[in-house]
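Novice: What follows is a predicted structure for the sequence shown.
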Amino acid sequence: MKKEGRLEVITGTMFSGKSTELIRRLNRYEISGLRTILYKPAIDTRYAETAVASHDKLMRQAIPVSTMEEIRMHLSDKTEVLGFDEAQFLPSDIVPFCHEQAQYGRIVIASFLLKNFRDEAFPFMDGKRTVLDLMTIADSITSMTAICTYRETETCGRDASRVQRLQDGKPVPYDSPVVLVGGKESYEPRCRLHFVHYAENKHLIPIR
């Protein structure tokens with residue numbers, strides 16, 4: 001296979017439609033006759049163990065994986081398009097793997113959260129890289145936003161580029177675990193105005 005490969009990135013906040021867009025692109029590639037495969041992190045069992053499901057319940061069968069060995073094990077010589085949902089929940093070696101596959105001539109589509117609840121770049125599961133490393137080698141980047149659902153007398157409705165993790169209706173402490181797979185019961189999309197920033201957030205502290 002010596003076609004022109006590429007890496008397409010779909011990123012943004014929770015509830016922004018990333019999985020829906022990933023499924024849409026894979027369906028289009030299949031219609032054009034390309035052989036596709038879709039992976040999902042085994043840790044993500046919110047809606048189905050062997051399918052990628054968007055928050056609006058759009059679904060597509062997927063292979064749950066936790067390691068690079070499992071990813072390679074399911075890869076066929078005939079595969080032309082690889083999709084990854086929630087790639088932030090995979091090991092850091094997904095970065096050189098995506099580069100390798102694009103160089104080989106495959107189309108790679110990676111969908112992932114850009115930032116965690118702290119408003120910091122999301123680290124991969126082993127903490128050795130962040131999703132920014134995957135973005136730097138991408139050929140195209142689609143950045144998606146949700147709708148801010150903060151409500152006082154009425155719902156805000158602005159574009160939401162952040163997600164607030166809540167417990168009993170209040171933002172969780174900064175030192176809470178970074179990974180908590182959940183949905184609307186734990187997370188709320190927020191705009192800049194309504195996101196509660198953390199004083200511990202390192203990239204907001206001036207360098208001295």
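Specialist: Received the coordinates, thanks. None of these values were measured; they are calculated from a predicted model. Numbers count the residues shown, from 1 in each chain.
Novice: Name the helix or strand for residue 189, please.
Specialist: Assessed by DSSP states H and E, residue 189 sits inside strand 187-190.
Novice: Contacts for that strand, please.
Specialist: Contact partners of strand 187-190, identified using Cβ atoms under 8 Å, 6 or more residues apart in numbering, comprise 13-16, 117, 146-150, 160, 162-166, 196. Where C-beta positions appear, they are placed from N, C-alpha and C, glycine not excepted.
Novice: residue ranges with poor pLDDT in this structure?
Specialist: Applying pLDDT under 70 to the chain flags residues 1-2, 46-49, 53-57, 182-183.
Novice: residues contacting the spatially most central residue of it?
Specialist: In the chain, the residue lying closest to the centroid (Cα atoms, centre = their mean) is residue 112, at 1.2 Å. Residues in contact with residue 112 (Cβ under 8 Å, 6+ apart) are 9, 10, 11, 18, 84, 86, 87, 88, 122, 131, 134.
Novice: What pairs with the strand or helix carrying residue 109, parallel or antiparallel?
Specialist: Using DSSP H and E, residue 109 sits in strand 107-113. Strand 107-113 has its sheet partners listed here by DSSP bridges as strand 6-12 (parallel), strand 81-84 (parallel).
Novice: Which positions in it come out as buried?
Specialist: 107, 108, 109, 110, 111, 112, 113 (16 or more other Cβ atoms under 10 Å).
Novice: all helices of this structure, in order?
Specialist: Using DSSP state H, the helices of the chain run over 18-31, 68-73, 94-104, 131-136.
Novice: Got the domain ranges for the chain?
Specialist: 6-145, 159-204 (automatic domain parsing).
Novice: deepest of those, which one?
Specialist: Of all these, domain 6-145 has the most neighbours on average by mean count of other Cβ atoms under 10 Å, namely a mean of 18.
Novice: Endpoint to endpoint, it covers what distance?
Specialist: Criterion Cα to Cα, to the nearest Å; first-to-last residue distance in domain 6-145 is 24 Å.
Novice: Could you do stretch 50-62 as well?
Specialist: First-to-last distance for stretch 50-62 - Cα to Cα - comes to 5 Å.
Novice: that older thread, so how far is the strand holding residue 189 from its chain's centroid?
Specialist: Put simply, strand 187-190 sits 15 Å off its chain's centre (Cα atoms, centre = their mean, to the nearest Å).
Novice: circling back: would you list the strands paired with strand 107-113 in a markdown table and tack on distance to residue 23?
Specialist: Shown next, in a markdown table, are the strands paired with strand 107-113 (distance: least, Cβ to Cβ, whole Å):
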| stretch | distance to residue 23 |
| --- | --- |
| strand 6-12 | 10 |
| strand 81-84 | 8 |
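Novice: relative orientation of the strand holding residue 109 and helix 94-104 in degrees?
Specialist: Using axes from the mean of the first three to the mean of the last three Cα atoms, to 10 degrees, the direction of strand 107-113 lies 160 degrees away from that of helix 94-104.
Novice: Can I get strand 107-113 in CSV, CA atoms only?
Specialist: Coordinates of the C-alpha atoms in strand 107-113 are reproduced here as CSV (Å, rounded to 0.1, in the frame of the first residue of the first chain):
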residue,chain,number,x,y,z
ILE,A,107,-6.2,7.3,6.6
VAL,A,108,-6.3,7.6,10.4
ILE,A,109,-9.1,9.5,12.2
ALA,A,110,-8.5,10.2,15.9
SER,A,111,-11.3,11.6,18.0
PHE,A,112,-10.4,12.8,21.5
LEU,A,113,-11.0,15.3,24.3
